[in-house]
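J.: when you get a sec, could you give me coordinates for this:
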Amino acid sequence: MTFSGHLVWGTPRTTAGIKWIDDPPGAGRARVTARFSRSLGLPDQLPDVLGLAIRVETPAGHADIELASTGSAFPLRFALLPRWRPSRGVFTTLLPYRGEKGPVLLRARPLGPALPTDLPGIDGVLSADAWRLALSHARPGGRWHPFALLTLRTAGDLDQVRFDAGRHMLPGASAYPWVKAVRQPSYDAVQQRP
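T.: Below you'll find the predicted structure:
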């Protein structure tokens, strides 16, 4: 399922060490496109690892953020957790970005209005007018610090959009060599699919 929407930055109480978070572009707003998926492709009756890919427009082009259903507290923020519903639980980057102050994780936490939870399948779950998520940053073992509100609405078919967070980094962020070694082969494989 695909979405279009926008991101609005708040006034964070602490900096992340990533320019895109700490010094938001323009008027503190950005357009986004996003895609939600069940990562393993299991039947709707079973929980699955849920994925949320977000493409953010920046002054330098676009940047991609790829999140998966995980826990929020340490150490579960580093564990993929299957879920039935995207409105339950959180999505994190799982692997950290490299910022000026060290490693940084991102989290998207669903907010109200609550999405319907009594309908099976992705389409039924994401049928609300808008899906709102709070974006936060944290050190690998630290507290989450909210910095922006993401609002998504269902959009037309964006299946041709290929997200690649390894090549389209957030401004001011980079990837640790070990993160590239772990993540980039799977991104490359996805890019080559028909």
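J.: residues in contact with Arg31?
T.: With contact set as CB atoms under 8 Å, 6 or more residues apart in numbering, Arg31 has these partners: 4-7, 56-57. C-beta coordinates here come from the backbone N, C-alpha and C atoms, glycine included.
J.: distance of the residue nearest the centre of the chain from Arg77?
T.: Compute the mean C-alpha point of the chain, and by CA atoms, centre = their mean the closest residue is Leu67, 3.8 Å away. Using CB to CB, to the nearest Å, Leu67 is found at 11 Å from Arg77.
J.: now do the shared contacts for the two.
T.: Common contacts of Leu67 and Arg77 (CB under 8 Å, 6+ apart): 92, 94, 107.
J.: which of those residues fall in strands?
T.: Secondary structure assignment (DSSP state E) places 92, 107 from those within strands.
J.: where does the protein have low pLDDT?
T.: Residues of the chain meeting the criterion pLDDT under 70: 112-129, 156-160, 184-194.
J.: residue ranges for the helices of it, please.
T.: Assigned by DSSP state H, the helices in the chain fall at 19-22, 121-125, 177-191.
J.: can you pull the contacts of the residue nearest to the centre of the chain?
T.: In this structure, Leu67 makes contact with 51-54, 91-94, 106-108, judged by CB under 8 Å, 6+ apart.
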